[in-house]
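Engineer: pasting the sequence and the predicted coordinates here, then a few questions.
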Amino acid sequence: MIHYKEGWYFERGVKGGAVRIIKGEKIGNEIVGNVSIIIDSDSWVSIIASVSARGETAEQFHNAMSFHNDV
């Protein structure tokens, strides 16, 4: 799990490459979240490709999928 800033945490591998985003605070070794969402792998890859400089094309989606899944 990675802490971005201001209580935003990201975690990969929840299920099938999905990404969980949590807004919360670290208490001891646990993250206590006020908000938590799980984004499936294909949607996460689409988000990454969409915000890239070239935007989401089939090629950018494939590149992002390869990077995310280390294929």
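Structural biologist: That came through fine. Numbering: from 1, shown residues only.
Engineer: need the helices for the protein, in chain order.
Structural biologist: Along the chain, counting by DSSP state H, helices occupy 41-50, 58-69.
Engineer: for residue 63, give me its contacts.
Structural biologist: The contact partners of residue 63, by Cβ atoms under 8 Å, 6 or more residues apart in numbering, come to residue 49. Bear in mind the C-beta positions are built from the backbone N, C-alpha and C, glycine included.
Engineer: next one: residue 34
Structural biologist: Neighbours of residue 34 in contact, by Cβ under 8 Å, 6+ apart: 23, 24.
Engineer: could you check the pLDDT of it?
Structural biologist: You'll see residue 34 listed with a pLDDT of 81.
Engineer: where does the protein dip in pLDDT?
Structural biologist: 14, 71 (pLDDT under 70).
Engineer: just want the most central residue of it.
Structural biologist: residue 19 (4.1 Å; Cα atoms, centre = their mean).
Engineer: you'd agree it is up against residue 9?
Structural biologist: No - assessed by Cβ atoms under 8 Å, residue 19 is found out of contact with residue 9, at 10.7 Å.
Engineer: how much space between residue 20 and residue 70?
Structural biologist: 19 Å (Cβ to Cβ, to the nearest Å).
Engineer: what is residue 38 paired to in the beta sheet?
Structural biologist: residue 20 (DSSP bridges).
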